[in-house]
Every structure is written in structure tokens, then in C-alpha cells.
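for reference, the sequence and a predicted model appear below.
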Amino acid sequence: MSVTEILNLPHAARIEIAPEAAYGLWQRLWRHSEARIGLIAALLLLLLALGGPLALPYDPDLPDYAVALQPPSRAHWLGTDHTGRDVLARLMDGARRSLGASLLVLTSTFTIGLFVGVVAGMAGGALDNGLMRLVDILMTLPGMVLAIAMIGILGPGFQNLLLALIIADWAYYARLARSYVLTATQRSDAIAARLAGINWLRIMWGHILPGVMTQMAVIATLGLGGMITAISGFSFLGLGVQPPLAEWGSMLVDARFYFPIAPWLLLAPAGLIFASVLAANLIGNALRDVLDPGRD
Amino acid sequence: MTAGRLDIVRLIGKRVLQAILTALGASVLVWAMLSFAPGDPALRILQAQGRADPDPILIAQTRQALGLDRPLPVQYVQWLGHVVRGDLSISYRSGKPVLAELAKRLPATLYLLTTALVIAIIAAVIAALIAVATQGRWPDRLIRLLTQIGASVPSFLVGLLLLQYLVVGAKIGRVLSNGATELVLLPALCLAMLKAANWTQLLRANMLEALGANYALVARARGARKLRVLLRYVLPNAALPFLTALGVSIGALIGGAPIIEEIFTWPGVGHYVLDALSARDFPVVQGFVLLSGLSYVTASLVVDLVNMWVDPRIRQRRAS
């Protein structure tokens, strides 16, 4: 789901989060059964990405034609591809690109959006107006179409893809952060702090940012699945990670041609992409449930 | 009565004006895309036409011919003038007008998108009705599980697997589709799945909310059957916020179409623009983005107007 759509779900963007809501978050998240599945899956996927490449004796990019297209065996747990590369090694190596890049893009859009949104919301006036018109213009195009436009300008390639996705997505987070800031400044604790003469930087830091960041984190978690989908999708189309480097989406390209004789080539990366998106969605939905229990 | 009608006309006028402004905003973005792209546009065009190292005089001539030596606002207005008259420049690769190339492929894409939209709406309404009618029992839980999964499978994965298992494996349909009417189902299904899952969740939540409202309670108390309450009172009320979500999702459908068209070799604009991306054929990409932006703005406008038409509350609130 794209960020725009998330914003249009009932209540999704309007989560009411009290300042103390984040207290004991992990325990409550752990008690949520769907969140627990998501968290365990996410942990396994992260282990795969971080620890995996150290554990396997195969070079993910080095062909070994003597063992091409072998079915899963004790030596190659998930078999080998058409050039004899170990599929598991490539999946682990690719995990760092597929998942790492998604997290990187998400963190960047989140940070830029938060910064712009907070500045616009706090400053008001001409600066607010100017920034929001820029946001408006960026939001006239659907996110994926804007990403295609940016790839058109920058050209194919992994770094360009990530840059395109950041440019295409930050505006939504900025819009969201601004509206959260505006709501938060009207909350009684923020007004009381202002009346007590506390300077605005401390009000921002102590009363406004914590709630705004929690609200935005929920939306960002819900957006992570879409980001993983977008990155693997564009790589599948040859517009992201370039061969011979491994990435889950680009691994699907060659796998298509060998599917009748070697289905594991396609099923393994496809399964991991699905598991990652599912984990992100489960955690995101549970976060929303846990942080805003009054909903539903 | 006439005063009320006048208000509605004014209201519609305001919304149409807003749509035009949005479209203009999008056009600035699309224009800026080509103008601020790294590198000299004149050089790019010459290179794309096969001259690897054109001489400076030729570059200067091209710049002048394209009006690239004028101030940026003038260039924008000039460009907009061309666009309004249907001149979307010329494809670098084929040398043919972009608009003609896009128009040739547009019917296939529209056909795919509308089929997907219809499938997704029907599936979502039926699934949500079943889920609400059996709330908490196994059909509801099954639907919840299915929508969770459906919302998490990227459409291109569904496409790849359907292609391998159904088309290659079970020999249903054809690997290379030529846009023939009967081949639309598989790609449309892939495109529809994610939306169907999202919309089912949305409709279910909305319907449960409506079910708890007084009008539903009153209808039940007066002895209306549960199905009648659901269809007559709950669904229409739940459908309103759903309409808004529908308008936004059309953007996602447009953006999601290219990869599905590529997988099923569907001869639409999405397939065409992906080829253009790899070949760095800027005018085609620009034309596609403009077309998508306009379709998106138009779709949002239509959804909003329909919303006004069916919901008297919006008319009154906005008019007053």
C-alpha cells in the first residue's frame, strides 16, 4: 500500500496517541499474536541479511558452471542457479540490498519529511506556504508514476532508483508531520508549557516531537512493505540492481526461464519478498492497534 | 430550490477549478522533469538520434530550434501550448509523435485497468459482506487471513506465479498476450488482488461501524432481516468513505500497471514506457507521466463529484 492510500484509510492517519502510549510498547506488542509472528519473521530476515554471508562458504557472484541448476541438496540447501551460484548465498547477499535499501529509503523519507513538516508547522507564514505548495505539486502524481519519472531523469541503476523513491515519497511524510505538529501544538500540555514561558525549542522537544514521531513511525512501518515491493519490482524490471549483483527482485529475472526445470530459483526469492512485506504489515497493523486501543 | 441548485453548480465549479489547478501543478512537474534533467537536452536529443559526438554548431542550432535559449517561464508556456494542442514532442527512438504512440497503446491499458477495477470492487464488496454477516466466525476469520496475505503479496509475484503455473503449466491462456479480449483476466486479476484485499479490510471496518449506528439498530428493532439491513442501510453508508479511497487507489492502479503489462507482455502504455526508460527515451517517459497525471486528476474529480451526488451531507456542508 502506498503512503497516500494509507492516509486515506479511516482513522489510519488520524491515530490519536497520548504521550504515555509508547510506555511498555515492546511488551504490549509481544502480547499481540500477529505482531509476534511479524517480529519473529523480521528478526529471522535480519539475521539472514547480517549474519548469513559469513556463514556460507560460497561467493554469491562467482559462477561455477560444473554445478549449474542443481536441485536443493546438502551442499546447496536451496540449489544452484543457471551459472552454478549457490541460491542461498545469493539470497543472503541480496537481503542486504533488498531489505537494507528499503530501510535506507524509508529512513531518508521519514527524516526529510519530519524535518520539512516540523519546520513548516512551526514556522507558519510564507515558509509554510512555500513548502506546502512544493509538497502539493509533488503529490499531484501517483507515487509510482513520480518514481518512474525520476528514473527517467536520473537513468536506471540502484542508487538512482533509491534516490527516485526518496524524491517520490518524502512529500507525503512532510504533509503528515505538519498536520501532526499543528494538532500537537493545540494539545493542553503544549499550551500550558507555552503559557508557562518555556521556550519553543523545549516545547518542541519535550511535548510535540515524541508524539509526532510515534504517529509517523506507525505510518512508516505500514509503508515499509510498499517500499520493499517497489525496490524488488524495479530491480526485476532491470531498473535497479544490475547483474551480477544479487537482489531478490533481480534474481527473479533469470529464474523465469528455468522455472519448469528449477522452480526453486523463482520460489525462494519470491517467498522472501512475500515474508518481508507480510512481516512489515503485521508489525505496522499491530503498532496501530497497540498505540491507539480506542480504535475499532 | 433554485438557490440550492445554484450552490451546487458553484460547488461543482469550485471542484473543477481545483482539478484544473492540480493538473497545472502536475504539468509544471512534468515539464521541469525534462528541463532540469542532468545534461544538455539538445545534446541528448542528438545523441539519441545516433550522433555520438555532434559538433558545437549543430548543438547550438538544435538549442535554438527547440527554444532552449529562452527564459524558463517562456519555455514552460511554450511547452504547455504545444501540449494543449496535443503535441507531446517526438520519440527519440522511433522519430514518431509521442501522442500517437501512446494513443495506439492506451485502449489496451484502459481495458486492463477497468477490468481490474471491476474485479477488485466486486470481490471487495462480496468479501466484506460475508465477513460482516459472519463476524467473528470462521468465514470472517478466513477472509481476514486472506486479505492479510493478499495485502502482502506484490502483484508482480502473483503475475509471475500465475504465468508459470497456469499458463506454462496448465496451458490456460497464452504466454505472449497480444491484448486480445479474452486474455485480460490473468493480468487484471494480479492488478486487482492487492486493491481487493485493501478494500475488503476498509469496507469491513466501515460496515461494522455503520452496523453499530442508530439507523441500523432501528431497522433491526423494527424487524428488518439482517441481510436487508446490510444491503439497504449498512452498505450504502459504508460505501461513502470507500469512494474516497477508491479515487486515491486509482493512482496506485495506474502506477502498478507497467510491471504487470511487462510480465504478461500486454501491449499497453506501461509496457511501452518501461522500454523507453531503459532506452532513456525522455519524451515518451514525459508523455506517459503527463497522461498518468491527467488520468489521476480526472479520476479524483469524477470520484469527488459522484461523492457529492450520492451524499447529500457533503452538498449541504460545503454549500453552507
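Yep, that arrived. Numbers count the residues shown, from 1 in each chain, chains lettered A, B, ... in the order given.

and B:Thr134, how far from B:Leu142?
9 Å (Cβ to Cβ, to the nearest Å). Backbone N, C-alpha and C define where each C-beta goes, glycine included.

ok, now which ones touch A:Ser235?
Neighbouring residues of A:Ser235 by Cβ atoms under 8 Å, 6 or more residues apart in numbering or on different chains: A:98, A:158, A:161, A:241, A:247-250.

restrict these to those near chain B?
When the contacts of A:Ser235 are checked against chain B using Cβ under 8 Å from any Cβ of the partner chain, none falls in range.

what's the closest of those to A:Ile273?
Distance to A:Ile273 across these (Cβ to Cβ) is lowest for A:Trp248, with 5.2 Å.

am I right that that closest one is in contact with A:Pro269?
Yes: using Cβ atoms under 8 Å, A:Trp248 is in contact with A:Pro269, at 4.2 Å.

joint contacts of those two?
With Cβ under 8 Å, 6+ apart, A:Trp248 and A:Pro269 have common neighbours A:91, A:94.

before we move on, back to that, closest one of the contacts of A:Ser235 to B:Glu261?
A:Gly249 (16.8 Å).

for A:Ala164, which non-adjacent residue is spatially closest?
A:Met150 (3.4 Å; Cβ to Cβ, 6 or more residues apart in numbering or on different chains).

convert the host helix or strand of the one you found to PDB, retaining C-alpha atoms only.
Assigned by DSSP states H and E, A:Met150 belongs to helix A:143-154. Provided in PDB are the C-alpha atoms of helix A:143-154 (Å, rounded to 0.1, in the frame of the first residue of the first chain):
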ATOM      1  CA  GLY A 143       3.900   7.800  -6.200                       C
ATOM      2  CA  MET A 144       4.900   5.100  -8.600                       C
ATOM      3  CA  VAL A 145       4.400   7.400 -11.600                       C
ATOM      4  CA  LEU A 146       6.600  10.000 -10.000                       C
ATOM      5  CA  ALA A 147       9.200   7.300  -9.300                       C
ATOM      6  CA  ILE A 148       9.100   6.300 -13.000                       C
ATOM      7  CA  ALA A 149       9.500  10.000 -13.900                       C
ATOM      8  CA  MET A 150      12.600  10.300 -11.600                       C
ATOM      9  CA  ILE A 151      14.200   7.200 -13.000                       C
ATOM     10  CA  GLY A 152      13.600   8.700 -16.400                       C
ATOM     11  CA  ILE A 153      15.600  11.700 -15.500                       C
ATOM     12  CA  LEU A 154      18.300  10.000 -13.500                       C
END
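
report the buried residues of the very next helix or strand once past it.
Per DSSP H and E, helix A:143-154 leads on to helix A:158-185 as the next helix or strand towards the C-terminus. Within helix A:158-185, the residues that qualify as buried are A:158, A:160-185, counting by 16 or more other Cβ atoms under 10 Å in any protein chain shown.

what does stretch B:72-80 give?
B:75, B:79.

list of residues touching it?
In contact with stretch B:72-80 (Cβ under 8 Å, 6+ apart) are residues B:27-28, B:31, B:35, B:67-68, B:70.

give me the mean pLDDT for stretch B:233-252.
Mean pLDDT, computed over stretch B:233-252, is 83.

name the helix or strand of the chain that has the lowest mean pLDDT.
I went with chain A, as the question did not name one. helix A:3-8 (a mean of 52; mean pLDDT, DSSP states H and E).

name the residues of the helix ranked longest in chain B that are buried.
When chain B is parsed with DSSP state H, its longest helix is helix B:98-133. The neighbour-count check on helix B:98-133 (16+ other Cβ under 10 Å) flags B:98-99, B:101-102, B:105-106, B:108-109, B:111-113, B:115-117, B:119-121, B:123-125, B:127-132 as buried.

can you report phi and psi for A:Asp86?
Main-chain dihedrals, A:Asp86, degrees, to the nearest 10: phi -70, psi 120.

quick one: it and chain B, what's the gap?
To chain B, A:Asp86 is 22 Å away according to Cβ to the nearest Cβ, to the nearest Å.

tell me who's in contact with that residue.
A:56, A:58, A:60, A:76, A:78, A:80.

at 6 Å instead, please
A:58, A:76, A:80 (Cβ atoms under 6 Å, 6 or more residues apart in numbering or on different chains).

what's the closest of these to A:Trp205?
A:Tyr58 (49.0 Å).

does that closest one touch A:Ala89 like I think?
Yes: assessed by Cβ atoms under 6 Å, A:Tyr58 is found in contact with A:Ala89 at 4.2 Å.

neighbour count: those two, which is higher?
Legend: neighbour count by other Cβ atoms under 10 Å in any protein chain shown for A:Tyr58 and A:Ala89, higher for A:Ala89 (24 against 20).

next, the buried residues of the helix or strand in which the more buried one is found.
Here A:Ala89 sits within helix A:87-123, counting by DSSP H and E. Going by neighbour count (16+ other Cβ under 10 Å), the buried part of helix A:87-123 is A:87-99, A:101-102, A:105-106, A:108-110, A:112-114, A:116-122.

who are the packing partners of it?
In terms of contacts (3 or more Cβ pairs under 6 Å, 6 or more residues apart in numbering or on different chains; DSSP states H and E), helix A:87-123 is packed against helix A:33-50, helix A:52-55, helix A:125-138, helix A:158-185, helix A:209-236.

and if we set it to 7 Å?
Counting by 3 or more Cβ pairs under 7 Å, 6 or more residues apart in numbering or on different chains; DSSP states H and E, the packing neighbours recorded for helix A:87-123 are helix A:33-50, helix A:52-55, helix A:125-138, helix A:158-185, helix A:209-236, helix A:248-257, helix A:264-291.

okay, those in TSV with mean pLDDT and distance to A:Tyr65 next?
As requested, those are exported to TSV (pLDDT from 0 to 100; distance: least, Cβ to Cβ, whole Å):
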stretch	mean pLDDT	distance to A:Tyr65
helix A:33-50	89	27
helix A:52-55	69	22
helix A:125-138	88	48
helix A:158-185	91	27
helix A:209-236	89	24
helix A:248-257	87	14
helix A:264-291	90	16
